[in-house]
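Q: sequence and predicted structure below; questions after.
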Amino acid sequence: MKPIQLFLLLVFFAIMLSCNNQQKWLPKSISKDAPSMFNEDIKAFYFKTLDSAAHFIKKIDTTNSLRANQNFFLLSRKWYKRLEPLLIAYDYENYKSMNAPNLLKVEIDDYTDIKKLKPKSYQVLEEYLFGDDSINNKELQRVYKYLQVRIPYIRNNHGIYRQQDRHHLKMIRDAIVNIATKGITGFDSPILANSLQEALYNYESIKEILSIYENAFNDNNIYKSWVNEINDCILTLKAGAFNTFDRYSFIKQHTNIQLELVNKTSLDWGISLSKSRPLNPTSTNIFSESFFNKKMFAPPHSPDITPERINLGRTLFNDKSLSGPGTVSCATCHIKEKAFTDGNKLAIGLNGKPLQRNSPTLPYAVYQKSFFYDGRGDGLEGQIVGVTNNKNEFHIDLNTLAEKVKNKPVYKTAFDSLYNGIVNDRNVRNAIATYIRSLTPFNSKFDRNMQGKENSLTEEEILGFNLFMGKAACATCHFPPSFYGTVPPKFDETEFENLGMIKTANFNKPELDEDPGMFYPYKVEEKRGFFKTATVRNVELTAPYMHNGAFGTLEEVIKFYNLGGGQGSGLDVPFQTLPASPLELEDSEINALIAFMHTLTDKVEEY
């Protein structure tokens, strides 16, 4: 080979090597449709948090001192909380298992397949290691041995392979929502109330995940805004104390800003988050009607929620002629001016006698996954079936109901245009359910303040919200923003609780309410006395309260909770889910709670 040829060959290889090195160091970019180029980095962080949580949980042993086990728990829990945003996104079932409350879980498939499962989670460990009762080493071992095996199992069976960048951004968004609606409430730190510190760990993970994406931002100012916002957020959490933390300001000044940054990031990356989920991915305010993706709370392939269908549903809702005797309508027991309750202790049946339970409110009911107090209905349309067929309520079969509608000329034009002229029970029920789904104005005084439309909340009302979300532990069951028992951040299940409910407001001589709740139809004793968590929205208008209408005032309701429910009142309630320890709320705090709940009253003209 001639010298000149050798020289040119060396130059060629040098150029190729330079290009390869240059390509290696080029910033990674966002892909709209292909798997993320950051998956390996995300996976490495996921493994780091899992391995660290596993490392410290493995050190817990019944041969250690209590103090040593408490320390190992806190260190493992710290890494679990850093893991949590990814676990929620990519292994939700294991998240629910590892984060489960210390309550017996009953799974029922049919009469022959009933499972009663003791929880084995971090919450259980916290109660065993930091609770007042002496430690049962056998039970303690049962839980930590499970976690010692489970965490490595999660690592070996991880699902981070082909996620797209939009999935990782949604993971960040869901973590932000989870912190605001559940993470800062004490929901999963029942003994230590360590929620603010643990929310801080969540944010540290969000910050680290965003740092992986730093070079992917076209506008680096958006990344800098993220860093500044999260740093400020962490400082706020670090400076707070659980009982006095200003959650109202935190959500307004941090959560909403972070949701706006999610939108800016989505635009900067040129990607869109999926709209086929319960939450609207572009909403920047938890307390706005746009926060939920309402269509995802209706049965699949349901017709769109339009003003025309709402108006038809409203007319049907108020039509007494559709009942068997022609004397009652849906509005008979669900009066608009009373937030769709009836003001009675128990609903009144066709024979004029009280029914078994109180008439529930309807606004925001769309954001539930179970209906009736005992959960026997699985959707609004299904709930309507139960009311229609009940001989003490509508006392009419579905086919006859449809025939009544078909024979009324006033409905013909609407059904012709909205349901292709098909008048059957399915379409009648859909129209009524569509009207009920529309009852979500998010226009209360509290909502308007959260939305920045006015600045009218008093110090007492803000204190009440902060108590509701913190010391009073209301939000550990009544989750914002609907304040029902539908659990964030997926909003895919509705909780039921056993409060040890009493018959009347006689706190000096309390008697346990005899309503079996979810005991039937499977006759599972561990479900006796369980009822769906109702909303506190519009609670100013919905007295009397509880499934049995036992309490006439909010003062009585709070007194019951303040005492610790039935157990706290001295009754034998073996499966009570409400903590039996007193809340120790002062009179001024009770007044503040009531003041806050009154701010959740909607403008009824919107109905």
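A: Perfect, thanks for sending it. Here the structure is a predicted model, which means the values were calculated and not measured.
Q: ok, residues contacting the helix or strand hosting E93?
A: Using DSSP states H and E, the element containing E93 is helix 92-98. If you take Cβ atoms under 8 Å, 6 or more residues apart in numbering as the criterion, helix 92-98 is touched by 80, 84, 87-88, 120-122, 147, 150, 154, 490. (Glycine included, C-beta is placed from N, CA and C.)
Q: next one: it to chain centre, how far?
A: 15 Å (Cα atoms, centre = their mean, to the nearest Å).
Q: how about it, which residues are buried there?
A: Neighbour-count burial for helix 92-98 flags 94-98 (criterion: 16 or more other Cβ atoms under 10 Å).
Q: how about the helices in the stretch 1-150 of the chain?
A: Shown for the stretch 1-150 of the chain, the helices assigned by DSSP state H, counting those that start in this stretch span residues 3-25, 39-57, 66-90, 92-98, 122-130, 137-156.
Q: could you give the angle of the third one to helix 122-130?
A: Looking back up the chat, that one is helix 66-90. 170 degrees (axes from the mean of the first three to the mean of the last three Cα atoms, to 10 degrees).
Q: next, the residue nearest to V387 when sequence neighbours are not counted: secondary structure please.
A: Once flanking residues are discounted, V387 sits nearest to E393: 5.0 Å by Cβ to Cβ, 6 or more residues apart in numbering. Here E393 is recorded as coil under DSSP: H, G, I helix; E, B strand; the rest coil.
Q: tell me how far E393 lies from G386.
A: Shown here: E393 relative to G386, a distance of 8 Å by Cβ to Cβ, to the nearest Å.
Q: just to revisit the earlier point, quick check, the residue nearest to V387 in contact with G349.
A: Yes - E393 is in contact with G349 according to Cβ atoms under 8 Å; the separation is 6.7 Å.
Q: what are the boundaries of the helices in the stretch 251-400 of the chain?
A: In the stretch 251-400 of the chain, the segments counted as helices under DSSP H, counting those that start in this stretch are 256-269, 307-317, 330-333, 380-389, 398-406.
Q: scratch that, the stretch 451-600 of the chain
A: 459-469, 554-563, 565-568, 587-598.
Q: could you dump those helices into CSV and include mean neighbour count and mean pLDDT?
A: Shown next, in CSV, are the helices of the stretch 451-600 of the chain (neighbours: other Cβ atoms under 10 Å; pLDDT from 0 to 100):
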stretch, mean neighbour count, mean pLDDT
helix 459-469, 22, 98
helix 554-563, 19, 98
helix 565-568, 22, 96
helix 587-598, 20, 98
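Q: would JSON lines of the ones you listed with distance to L499 be doable?
A: Listed next are these as JSON lines, based on distance: least, Cβ to Cβ, whole Å:
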{"stretch": "helix 459-469", "distance to L499": "17"}
{"stretch": "helix 554-563", "distance to L499": "8"}
{"stretch": "helix 565-568", "distance to L499": "5"}
{"stretch": "helix 587-598", "distance to L499": "17"}
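Q: name the residues of the strand or helix carrying Y248 that come out as buried.
A: In the assignment (DSSP H and E), Y248 maps to helix 247-250. Across helix 247-250, burial judged by 16+ other Cβ under 10 Å covers 247-248, 250.
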